[in-house]
Structures are given as C-alpha cells and as structure tokens.
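> for reference, the sequence and a predicted model appear below.
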Amino acid sequence: MEPLSPAFTIDLRRLTVLRELQRRGSLARTAEALHLTPSAVSQQLSALSRELGVPLTERDGRGVRLTGQAKVLLAHADLIAAQLERARADLAAYGEGGRGTVTVGCFSSGILGLLPGVLAGLRARLPHVRVDVVEAEPPDVFTALDAGRLDVAVAVDFAAAPPHTDPRYRRADLFRDVLDVAVPAGHRLAGRGGVALRELAREAWIVGAAHSCCGAVARAVCAAAGFTPDVRHAVNDWGALAALVEAGAGVALVPRLVRPLYAHRRIALLTTEGEPPSRNVFAAVRAGSEGDPVLAAVREQLVAAARELAPDQF
C-alpha cells in the first residue's frame, strides 16, 4: 500500500461500516445490519483502506478480522464521532432546542410500561418537538443509534448490549425491572406468596427467543437458579405469552413493566424468594450529543418516569 499521506482524508460513511464490522464480527452480519450487500461492505472497507494506505482487514479462515491498524483507527473514530455530536449539540443549543424531531428506540415492554409517561411529559414540556418511537433491541438499536437513525436508545443490559465502558455512548441507568413468575390460575403454586425458582425446574417454560433481551435474561436467570428451562414455546410478544400461560401451556418470567397486560387474565404472579431477579434498564445517546437540549429533556423525562415506576430505587 501507499504510505500515509500527511493530507489524507477519511470518508465518515466508510468509518461507520468499519465500526459496524467491529460490532458484528463478520461481513455478512455487517451487510445485513447496514442494509447493504457483503460486496458493498467489502468495497467500502477496501476504499477506506486505500484512502489511509494501511490494511484494515485480514483473512481469518472463511471470514475476516480487524488488523491492528483498524483498531487504532477505531479508537480515533469514536473520538471523531463524539466531536461531531458535540458540534450538533452546540448548534441545537444555540437555537434553544425548541423544535425538531427526536427518535427513540426502545424494547417492547419499555414501550408499554415506560414510554407513555415520557411522551406525555415531553408533549407538555416541548410542544413543538416531534417524538417518534421505534421498537428495537441490542445490537440493532445501537447500530441505528450509531447511524443517526435514532437519537436515544432505551435498552436492557444483556450480552448483546454494549458494556458500561463503551466510549461511543453516554448512558444513564434508569431502574431495575423486577421479574415475577407467571403461572396459570389453577397451578399448584398459585396460592403461594413467593416461590423458589428451582421449584419450577421441571415445568414447561414459555420464553422469548434466545437472541432477544427477554429470552436471554430469562435463560440467564434460570441458569443462575441452577437449571436449564425446558422451553416449549418461544414467544416474544408479551400478550401472546400471557395467553399461553393462562391456557396452561407453561410458566414464564415476566417483567413488572408489562403487568397491565395481566390485570384481567386468569394468571397468578408470584414473587421469587430471596433477591428477586431483575434486568437493568438504561438510556444511551451518542457520545458528544448529551449537551443537546432536546436530548437532555428526553433523558430527564426518562429518569422522572423511572422514579414513578420504581421509587424505592432512588
């Protein structure tokens, strides 16, 4: 390759492709996330490599892996992205942030139990700001956040979510969403106030898909209790899950965010003995954008709604 030029420039769109490859780990998954073909992803990476005069990927069996130079570049890419976000936030602050559109990505139960209060508060506080909501989970919600298709991500900590130390984001922990056990009204344990999860080890379970936050968290909670659940039904929709529990098809772990769905069902909700299982709900914005007045208002409303949902945690 040609040596580095003192006047080289970088196409930021190609940096986005490289960042997504770091997240996804393969050209095929990167292409799927960015709605490109694998060939287009390879072309973007090759063009970026030529611009810089350094190799960015190398063969790894049938796939590719990032080179040391690519990892150096990615560290700078995070700083560049954060600085651009600060510039955008400063411009928004100059105009006082009273108008515009903000798009929030959130997981399904968060849309049900958390966002309605947030949206009502924002309508009163910023009547000329349009707030759009998109249902999404990690890692897709963070791909969309990186690409600018989302401005705020509300997510649950699990394996597909970025770590607390990820420099690309500024996050705010909101609350712990406690999980209860849902059993049919006529179940042998329905009259109990609390139950040890291990008592349900031989039951049929209704659990979300393994890649989803609800499915991953439920499996992890059961594993921590000392058993692998016998998953008979893989269901991500909370209303459908409630119908299956009511029909006696199995038991499930359900977050308190979705309790309104269960009010009129013939279902018993049981607390667990000891420290209750829970999932950590957090909000994140792109690093550098936290000074945007609209995004600051969204964050404040999220925290206020979280206080109402879980006052004992504040």
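Received, thanks. Numbering: from 1, shown residues only.

> tally up the residues packed near residue 102, please.
Residues lying near residue 102 (other C-beta atoms under 10 Å) number 19. For the C-beta atoms, the positions are set from N, CA and C on the backbone; glycine is no exception.

> doesn't it belong to a strand?
Yes - the assignment for residue 102 (DSSP: H, G, I helix; E, B strand; the rest coil) places it in a strand.

> for the nearest residue to it once chain neighbours are set aside, which residues are in contact?
Excluding its sequence neighbours, the residue lying closest to residue 102 (C-beta to C-beta, 6 or more residues apart in numbering) is residue 151, at 4.7 Å. The contact partners of residue 151, taken as C-beta atoms under 8 Å, 6 or more residues apart in numbering, are 102-104, 145, 285, 289, 294-295, 298.

> swap in residue 36?
Counted by C-beta under 8 Å, 6+ apart, residue 36 has contacts 17, 30, 44.

> take those and keep only those in helices.
Secondary structure assignment (DSSP state H) places 17, 30, 44 from these within helices.

> among the residues you listed, who's most crowded?
Using other C-beta under 10 Å as the neighbour test, these are led by residue 30, with 25 neighbours.

> next up, the contacts around that residue.
When the contact criterion is C-beta under 8 Å, 6+ apart, the partners of residue 30 are 17, 20-21, 23-24, 36, 38, 41.

> need the helices for the protein, in chain order.
In the chain, the segments counted as helices under DSSP H are 12-24, 27-34, 38-52, 68-94, 108-113, 115-125, 140-147, 213-224, 238-246, 293-309.

> ok now the second one, how far from the chain's centre?
In this case it means helix 27-34. On the basis of C-alpha atoms, centre = their mean, to the nearest Å, helix 27-34 is displaced by 18 Å from the centre of the chain it belongs to.

> pop the domain breakdown of the protein in here.
Segmentation of the chain into domains, based on automatic domain parsing, reads 1-96, 101-175+280-313, 177-278.

> how about residue 135, nearest residue that isn't a chain neighbour?
Of all residues apart from its sequence neighbours, residue 108 sits closest to residue 135 (C-beta to C-beta, 6+ apart), at 5.7 Å.

> check contacts around the one you found.
135, 236-238.

> so residue 133 sits against residue 107, correct?
No - if you go by C-beta atoms under 8 Å, residue 133 and residue 107 don't touch, sitting 11.2 Å apart.

> more neighbours: those two, which one.
For residue 133 against residue 107, the residue with the higher neighbour count under other C-beta under 10 Å is residue 107, and the figures read 24 against 17.

> any idea how far the nearest residue to that one once chain neighbours are set aside is from residue 105?
The shortest distance from residue 107 to any residue other than its chain neighbours is 5.1 Å, reached at residue 137 (C-beta to C-beta, 6+ apart). As for residue 137, its distance to residue 105 is 9 Å (criterion: C-beta to C-beta, to the nearest Å).

> shared neighbours of these two, anything?
With C-beta under 8 Å, 6+ apart applied, the overlap between the contact sets of residue 137 and residue 105 consists of residue 155.

> so which bits of the worst-scoring helix or strand of the chain on mean pLDDT are buried?
Among the helical and strand segments of the chain, the one scoring lowest on mean pLDDT, DSSP states H and E is helix 68-94, with a mean of 82. Counting neighbours by 16 or more other C-beta atoms under 10 Å, one finds that the buried residues in helix 68-94 are 69-70, 73-74, 77-78, 81-82, 85-86, 88-89, 92.
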